[in-house]
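> Here you go, sequence then predicted model.
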Amino acid sequence: MFTRNPTTRSGHDYKLGRLRSPCRDCFNSRERVERNREKTNVRARARYAADPSRLKAQVQRWAAANPEKVQAHTKLQWAVESGRLNRKPCEICGSEQSEAHHHDYTKPLDVYWLCTRHHRQLEHGLICLIR
């Protein structure tokens, strides 16, 4: 079951991946993100085109600062590629284009499968997962 993050002002629930009724603040927030997404992508592409080594250095800094996350991602990738673990559809909307979300990096094969949209919402605290 998926429920609204209790720290936010609105109290609507996500049940079986369907939003009961979004509050005005959540609706406006989602609309704002969607409107600005293309501008953000254009700026990011321009920064990368100007200096491609910048991204590589940023990834290396992140990997050095987060070795447990790198190890969990590597173990999960190996398990999926070797067939020990099957990629599942998004647990909220059922989309086949899913990615793994680690709730606990000490358990690298215990993941939630979410589409990019719901993974982003989870990371930003717009939804929370309850098992």
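Sure thing, it's come through.
> what's the spacing between the longest helix seen in the chain and its chain's center?
In the chain, with assignment by DSSP state H, the single longest helix is helix 24-50. Relative to its chain's centre, helix 24-50 lies at 16 Å (Cα atoms, centre = their mean, to the nearest Å).
> Ok, stretch 48-66 next?
Its chain's C-alpha centre and that of stretch 48-66 lie 20 Å apart, by Cα atoms, centre = their mean.
> Name the residues of it that come out as buried.
Under the neighbour-count criterion of 16 or more other Cβ atoms under 10 Å, stretch 48-66 has nothing buried. Placement of C-beta: from N, CA and C, glycine included.
> Quick check: mean pLDDT of the longest helix of the chain?
Mean pLDDT, computed over helix 24-50, is 81.
> Which strands or helices does it pack on?
If contacts are counted by 3 or more Cβ pairs under 8 Å, 6 or more residues apart in numbering; DSSP states H and E, helix 24-50 sits against helix 52-65.
> Please report phi then psi for residue 115.
With angles defined as degrees, to the nearest 10, residue 115 sits at phi -70, psi 170.
> I'd assumed residue 87 was in contact with it.
No: contact criterion Cβ atoms under 8 Å: residue 115 and residue 87 do not qualify, at 11.7 Å.
> got any residues that touch both of the two?
Residues touching both residue 115 and residue 87 (Cβ atoms under 8 Å, 6 or more residues apart in numbering): residue 98.
> More neighbours: which of those two?
In this view residue 115 and residue 87 are compared by other Cβ atoms under 10 Å, and residue 115 has more residues nearby, 19 against 12.
> contacting residues around the more buried one?
When contacts are counted by Cβ under 8 Å, 6+ apart, residue 115 is found next to 90, 92, 93, 95, 97, 98, 99.
> what do you get if the cut-off is 10 Å, keeping everything else the same?
Contact partners of residue 115, counting by Cβ atoms under 10 Å, 6 or more residues apart in numbering, are 89, 90, 91, 92, 93, 94, 95, 96, 97, 98, 99, 121.
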